[in-house]
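S.K.: Predicted model and sequence follow; I will ask about them next.
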Amino acid sequence: METRGSFHVSPKDSLTLTLDSYGSSKGVVYLYQGVIADLENSGDQHLSVIAAPVTRIVLMNTNTSTLPPPVAMLQLITGYWVSRAVFVFAKLGIADRLAAGSRTAADLAGDVRVDPRCLHRLLRMLAGSGVLASDRDGRFRLTPLGETLRSEVPDSMRGFAVMMVEDYNWDAWKGLGWSAETGQTAFEKVFGKRIFDYFDEHPAHRKVFGESMDSLSRTENPAVAAAYDFSKVQRIVDVGGSVGHLLATILRANPRLRGVLYDLPGVVAAARKDVHVTAAGVAERCELVQGDFFEKVPAGADAYLMKYILHDWEDERALAILRNCRKAMSEGGRVLAVDNVVAPGDAPHWGKMLDINMMVLTGGMERTEEEFRDLFARAGLQLVRVIPTDCPLSIVEGVAA
């Protein structure tokens, strides 16, 4: 096998390999294994020292046309194998049990009450996916990627990993073909109700959903707060703001700003017990108001913020929310919709993926800039700009038309 390329190690826990071409029809998996073997067996002292702490490999193929189509398609077809394995690993809480150091599958199996041999096979697979690393004694340790599946770390994705592959999500996705055929929501066909009504009846799933959103919020909300200049805003309403993570982040960054957290009664009750809007320096500038954004929103603010709200709903329902904001806002006020704005062209985009999830679960959608512009216009608003952030989300700003 002939492969031309280069590698660079930085920081010490990761190896980034940039490949110019593939010389084998066996594809990236075998090349990945070959690179590891070459580094471990290298006689170069510098490489040997570097290889020792390597725990994650990031492959960046700079010429995807050279990857054999069957290999690329195989990776797409079997993608759910990995997501399901990550789900089981996360739900069992194994990452938390590896926080103190490496352990064997047999040792872990007793803690989580599973079959040790099957657990070893699961961990071996996840090591091949970069979540874990193993040694010659059969002990597994977390990589930086695997660290994100711990519960109590700043960048934890454990809640999201559990929520996205939990049975109700999994079962709803079985109806994707039906959604494509009918234009209707698969979740409602499978469960006979909207997902938010389902959560009302299944508080444990609602709790995990909240944890999953919190997983994303820890990285997204600082990026959103930093991307917009709130210095001219005096009062902001976070419409459907959950327990107030984003609003609290914005208020902490803008000491003169006052905020209103607006959501359903049960959500507001939870927010009163949460750490975000009750924190010192935030609580005295944050009012908690309960209500239904399809009926009305608090009046008199000069900014109405909505993160992951419009994407939950089809156009008519999204219009009802926007019209209520347009009616309530003060003179010179604005709407700030924080959502994925789907980029044109064929390049990969998180919004294109999430859009299908919305099709299946809520009947909502991710929108292009033109679709936002049209939606705003129908609500009596003019889209003035789309502000990118340092995360996949953008801030879509609209003012009175």
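M.R.: Alright, I've got the coordinates.
S.K.: residue ranges of the helices in the stretch 1-150 of the chain, please?
M.R.: 28-40, 45-51, 69-77, 79-91, 94-97, 105-112, 116-128, 144-147 (DSSP state H, counting those that start in this stretch).
S.K.: what do you get for the stretch 301-401 of the chain?
M.R.: 315-328, 350-361, 369-378.
S.K.: center of the chain, which residue is that?
M.R.: L216 (4.9 Å; Cα atoms, centre = their mean).
S.K.: thinking again about what came up before, now the helices of the stretch 301-401 of the chain in CSV, with mean neighbour count and distance to V208?
M.R.: For the C-beta atoms, the positions are set from N, CA and C on the backbone; glycine is no exception. Compiled in CSV, these are given as follows (neighbours: other Cβ atoms under 10 Å; distance: least, Cβ to Cβ, whole Å):
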stretch, mean neighbour count, distance to V208
helix 315-328, 18, 25
helix 350-361, 18, 14
helix 369-378, 17, 30
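S.K.: Looking at those helices, which is nearest to T104?
M.R.: helix 350-361 (35.8 Å; Cβ to Cβ).
S.K.: and of the helices of the stretch 301-401 of the chain, who's closest to R158?
M.R.: helix 350-361 (18.7 Å).
S.K.: looking at this, A279 is in a helix?
M.R.: No: going by DSSP: H, G, I helix; E, B strand; the rest coil, the assignment for A279 is coil, not a helix.
S.K.: and it, what is it in contact with?
M.R.: For A279, the contacting residues are A248, by Cβ atoms under 8 Å, 6 or more residues apart in numbering.
S.K.: now it: how far from R252?
M.R.: Counting by Cβ to Cβ, to the nearest Å, the gap from A279 to R252 is 8 Å.
S.K.: Using the record's assignment, carve this structure into domains.
M.R.: 5-65, 78-149, 216-400 (automatic domain parsing).
S.K.: now the helices of the stretch 1-150 of the chain as a markdown table including mean neighbour count and distance to G175?
M.R.: Listed next are these as a markdown table, based on neighbours: other Cβ under 10 Å; distance: least, Cβ to Cβ, whole Å:
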| stretch | mean neighbour count | distance to G175 |
| --- | --- | --- |
| helix 28-40 | 15 | 32 |
| helix 45-51 | 13 | 47 |
| helix 69-77 | 11 | 19 |
| helix 79-91 | 16 | 15 |
| helix 94-97 | 20 | 31 |
| helix 105-112 | 15 | 32 |
| helix 116-128 | 17 | 28 |
| helix 144-147 | 19 | 31 |
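S.K.: picking that back up, how about the nearest residue to the residue nearest to the centre of the chain, chain neighbours excluded?
M.R.: F160 (6.4 Å; Cβ to Cβ, 6 or more residues apart in numbering).
S.K.: Now do that neighbour: how many residues are near it, please.
M.R.: 20 (other Cβ atoms under 10 Å).
S.K.: rank the helices of the stretch 1-150 of the chain by mean pLDDT and give me the bottom one.
M.R.: When the helices of the stretch 1-150 of the chain are compared on mean pLDDT, helix 45-51 scores lowest, with a mean of 30.
S.K.: which one's the longest helix in the chain?
M.R.: helix 203-227 (DSSP state H).
S.K.: tell me which strands and helices whichever helix or strand comes after it is in contact with?
M.R.: Following helix 203-227 in sequence order, the next helix or strand is strand 235-239 (DSSP states H and E). Helices and strands touching strand 235-239, by 3 or more Cβ pairs under 8 Å, 6 or more residues apart in numbering; DSSP states H and E, are helix 245-253, strand 258-263, strand 303-307, helix 315-328.
S.K.: Out of these, flag the one nearest T148.
M.R.: helix 245-253 (18.0 Å).
S.K.: Against which helices or strands is the closest one packed?
M.R.: Looks like helix 245-253 contacts helix 203-227, strand 235-239, strand 258-263, strand 286-290, strand 303-307 (3+ Cβ pairs under 8 Å, 6+ apart).
S.K.: okay, that helix in PDB with CA atoms only?
M.R.: What follows is helix 245-253 as a C-alpha-only set of coordinates in PDB (Å, rounded to 0.1, in the frame of the first residue of the first chain):
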ATOM      1  CA  HIS A 245     -29.200  29.000  30.500                       C
ATOM      2  CA  LEU A 246     -28.800  31.300  27.500                       C
ATOM      3  CA  LEU A 247     -30.500  34.200  29.200                       C
ATOM      4  CA  ALA A 248     -28.300  33.900  32.200                       C
ATOM      5  CA  THR A 249     -25.200  33.700  30.000                       C
ATOM      6  CA  ILE A 250     -26.200  36.900  28.200                       C
ATOM      7  CA  LEU A 251     -27.100  38.800  31.400                       C
ATOM      8  CA  ARG A 252     -23.800  37.900  33.000                       C
ATOM      9  CA  ALA A 253     -22.000  39.300  29.900                       C
END
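S.K.: sorry, back to before: may I see the domains of the chain organised as CSV, with distance to K174 added?
M.R.: What follows is these, written out as CSV (distance: least, Cβ to Cβ, whole Å):
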stretch, distance to K174
domain 5-65, 28
domain 78-149, 12
domain 216-400, 9
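S.K.: Of all those domains, which one is nearest E181?
M.R.: domain 216-400 (11.8 Å).
S.K.: how far does the closest one sit from the chain's center?
M.R.: In terms of Cα atoms, centre = their mean, to the nearest Å, the centre of domain 216-400 is found 17 Å from the chain centre.
S.K.: average model confidence for it?
M.R.: Per-residue scores along domain 216-400 average to 96.
S.K.: The helix or strand where F187 lies: what's the following helix or strand?
M.R.: F187 belongs to helix 186-191 when assigned by DSSP H and E. Downstream of helix 186-191, the first helix or strand assigned by DSSP H and E is helix 195-201.
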